[in-house]
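Visitor: Below are the sequence and a predicted model for it; my questions follow.
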Amino acid sequence: MLKQHHARAYNISQRSRLYVLPTYFSHKRINHIIQYAQNAVTKPFQPVDIVIRHHHSGYTVHMSHAHGSHANGPVSASDALDTLKGRLADIANLEQAASILSWDQETQMPAGAAGARAEQLTTLAKIIHQHVTDASLSELLDASKHQVDTTSSSELSDDEALLDVTDRLISHTKKLPDAFVETWTRAVNASHHTWIDARKNNDFAMFAPHLATMVDLNRRRADYLGYDDHPYDALHDLYERDSSTAILKTVFAQLRDDTKVLLGNIVSSATTASADLLHQPFAESSQETFALDMASRFGYDLNRGRLDRAVHPFATSFSNRDVRITTRYDPNFLGSALFGVLHESGHAMYEQGIAERLQRTPLASGASLGIHESQSRLWENLVGRSKAFWEGAYGLLQETFAKQLSDV
């Protein structure tokens with residue numbers, strides 16, 4: 001078999017194989033492998049098409065039972081690209097499995113399972129890292145780049161965008177050593193569970209050592225990824241591509257100045273408003289019913305989602321058909337759970353709206369964290385806190401909490 005010659009093998013279809021040869025192979029060894037493959041192609045009882053590539057020399061040979069062989073000839077544009085998509089789908093499945101375990105530890109898992117769950121997530125992180133950094137994935141990416149038309153439009157096609165994002169994913173992942181990925185994953189899980197206890201007991205000293213560890217690990221992560229001007233540039237770029245600390249400083253300076261003016265106007269205004277009506281006993285079950293009703297009216301599809309409790313609200317997606325949200329309840333304050341649900345449903349609707357054709361690829365997520373947050377803030381604040389919204393929704397709120405709001 002060709003794999004015995006250290007060629008990387010990819011099943012393109014039931015009767016088609018792609019073999020990518022290591023760059024160190026000599027021409028003599030390549031010719032030997034081609035002769036071996038020709039014998040396989042001509043077997044009458046198992047006809048097969050074989051494509052052999054040696055990227056270092058640019059040599060490609062395509063052998064077919066029906067048409068013989070030809071070197072440096074055209075290869076079907078779907079070959080390497082389809083194989084690449086299959087590999088990325090496997091990686092996406094592993095990432096989604098890890099996400100399900102993470103969701104479970106935030107919502108359902110007994111506290112005593114924290115150590116075992118950390119090891120499970122660490123193992124998955126190692127496997128995912130190995131898949132992404134495997135040389136064969138880069139080879140498939142390089143082969144795919146030659147097969148995608150980049151001249152037909154000024155806008156990126158799905159395939160062009162996929163290759164661009166995959167290239168970036170591989171580049172970033174290769175910069176992180178395997179051992180660091182393991183250390184990082186264990187530390188994230190340990191710090192999270194300690195934070196839960198520290199928050200419950202209002203004990204910062206309990207969490208402080210873990211915070212110091214995470215700061216140190218993030219600094220190491222920035223060093224591995226590399227940066228020009230500021231360590232945070234490397235970390236910020238993970239969430240906002242091509243942004244920088246310098247850009248953030250400019251944005252925040254303008255926000256600070258505008259906020260100071262707004263705050264000054266509020267303080268000097270003679271108009272006051274009381275929030276006492278929000279600070280009353282509200283049954284948690286009724287809070288959940290009303291919040292979910294509002295979220296579904298916004299467009300959150302509960303047939304493809306669900307609401308659970310968590311220490312800190314979040315949304316998570318395992319596909320566009322399974323996007324879950326969480327919130328926390330205060331039995332004496334209505335706003336916490338309600339606006340948490342509206343916020344997280346904004347994230348969730350964004351994920352539910354991602355096209356089916358992009359599922360199980362690196363494109364099946366938000367364009368950036370800023371864009372993602374714009375969707376949650378849109379529904380929580382611009383809609384959920386607007387006068388127009390409450391003119392329509394307040395009657396339903398009164399029906400839900402008649403005792404608290406009947407005379408308001």
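Guide: Sure, I can see it. Numbers count the residues shown, from 1 in each chain.
Visitor: C-alpha only now, for contacts and for neighbours.
Guide: Noted.
Visitor: Tell me where the stretch 201-350 of the chain has helices.
Guide: For the stretch 201-350 of the chain, the helices defined by DSSP state H, counting those that start in this stretch cover 204-225, 231-236, 245-268, 284-298, 335-352.
Visitor: List the residues that contact Leu277.
Guide: Contacts for Leu277 (C-alpha atoms under 8 Å, 6 or more residues apart in numbering) come out as 404-405.
Visitor: again, only using 10 Å
Guide: 333-334, 404-405, 408 (C-alpha atoms under 10 Å, 6 or more residues apart in numbering).
Visitor: Show the pLDDT at it.
Guide: Note for Leu277: predicted pLDDT of 90.
Visitor: out of the contacts of Leu277, which are buried?
Guide: Among these, those scoring as buried are 333-334, 404-405 (criterion: 16 or more other C-alpha atoms under 10 Å).
Visitor: is it possible to export those to CSV including pLDDT and distance to Arg221?
Guide: Formatted as CSV, those follow (pLDDT from 0 to 100; distance: C-alpha to C-alpha, whole Å):
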residue, pLDDT, distance to Arg221
Phe333, 97, 40
Leu334, 96, 40
Gln404, 94, 51
Leu405, 93, 51
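Visitor: Dump these to a markdown table, plus distance to Ser157.
Guide: Shown next, in a markdown table, are these (distance: C-alpha to C-alpha, whole Å):
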| residue | distance to Ser157 |
| --- | --- |
| Phe333 | 48 |
| Leu334 | 45 |
| Gln404 | 54 |
| Leu405 | 53 |
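Visitor: For the residue lying closest to Gly340 once chain neighbours are set aside, give me its contacts.
Guide: Distance criterion C-alpha to C-alpha, 6 or more residues apart in numbering; nearest residue to Gly340, sequence neighbours excluded, is Thr327 at 5.7 Å. Taking C-alpha under 10 Å, 6+ apart, we find Thr327 in contact with 288, 307-315, 336-344.
Visitor: one more time with 6 Å, if that's ok
Guide: 309-310, 313, 337, 340 (C-alpha atoms under 6 Å, 6 or more residues apart in numbering).
Visitor: same question, Pro231
Guide: Ala222.
Visitor: How much space separates it from Leu162?
Guide: Distance, Pro231 to Leu162, by C-alpha to C-alpha, to the nearest Å: 28 Å.
Visitor: Report how many residues lie close to Ser255.
Guide: Residue 255: Leu, not Ser. Residue neighbour count, defined by other C-alpha atoms under 10 Å, stands at 11 for Leu255.
Visitor: Same check on Gln108?
Guide: 12.
Visitor: Distance of it relative to Phe282?
Guide: Applying C-alpha to C-alpha to Gln108 and Phe282 gives a distance of 24 Å.
Visitor: what's the pLDDT at Met349?
Guide: Value for Met349, per-residue pLDDT: 98.
Visitor: domain parsing for this protein?
Guide: Here the domain parsing of the chain from automatic domain parsing is 2-71, 78-148+157-174, 273-405.
Visitor: Can you add distance to Ala198 and give these back as CSV?
Guide: CSV is the format used below for those (distance: least, C-alpha to C-alpha, whole Å):
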stretch, distance to Ala198
domain 2-71, 50
domain 78-148+157-174, 14
domain 273-405, 12
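Visitor: of those domains, which approaches Arg199 most closely?
Guide: domain 273-405 (9.2 Å; C-alpha to C-alpha).
Visitor: Any chance you could give me the helix or strand containing His193 in PDB, C-alpha atoms only?
Guide: Assigned by DSSP states H and E, His193 belongs to helix 178-201. Provided in PDB are the C-alpha atoms of helix 178-201 (Å, rounded to 0.1, in the frame of the first residue of the first chain):
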ATOM      1  CA  ASP A 178       0.700  20.600  23.000                       C
ATOM      2  CA  ALA A 179       1.800  20.800  26.700                       C
ATOM      3  CA  PHE A 180       0.600  24.400  26.900                       C
ATOM      4  CA  VAL A 181      -2.800  23.400  25.600                       C
ATOM      5  CA  GLU A 182      -3.100  20.800  28.300                       C
ATOM      6  CA  THR A 183      -2.000  23.200  31.000                       C
ATOM      7  CA  TRP A 184      -4.400  25.900  29.700                       C
ATOM      8  CA  THR A 185      -7.400  23.600  29.600                       C
ATOM      9  CA  ARG A 186      -6.800  22.200  33.100                       C
ATOM     10  CA  ALA A 187      -6.200  25.700  34.500                       C
ATOM     11  CA  VAL A 188      -9.400  27.100  32.900                       C
ATOM     12  CA  ASN A 189     -11.500  24.400  34.500                       C
ATOM     13  CA  ALA A 190      -9.900  24.600  37.900                       C
ATOM     14  CA  SER A 191     -10.200  28.400  38.000                       C
ATOM     15  CA  HIS A 192     -13.800  28.300  36.900                       C
ATOM     16  CA  HIS A 193     -14.900  25.900  39.700                       C
ATOM     17  CA  THR A 194     -13.000  27.900  42.300                       C
ATOM     18  CA  TRP A 195     -14.600  31.100  41.100                       C
ATOM     19  CA  ILE A 196     -18.100  29.600  41.600                       C
ATOM     20  CA  ASP A 197     -17.300  28.900  45.300                       C
ATOM     21  CA  ALA A 198     -15.500  32.200  45.800                       C
ATOM     22  CA  ARG A 199     -18.400  34.100  44.300                       C
ATOM     23  CA  LYS A 200     -20.900  32.200  46.500                       C
ATOM     24  CA  ASN A 201     -18.900  33.100  49.600                       C
END
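Visitor: Over it, what's the mean pLDDT, rounded is fine.
Guide: Rounded mean pLDDT across helix 178-201 is 97.
Visitor: Ala80: what's it in contact with?
Guide: By C-alpha under 6 Å, 6+ apart, the neighbours of Ala80 are 140, 144.
Visitor: do the same with Ser386
Guide: No residues are in contact with Ser386 under the rule C-alpha under 6 Å, 6+ apart.
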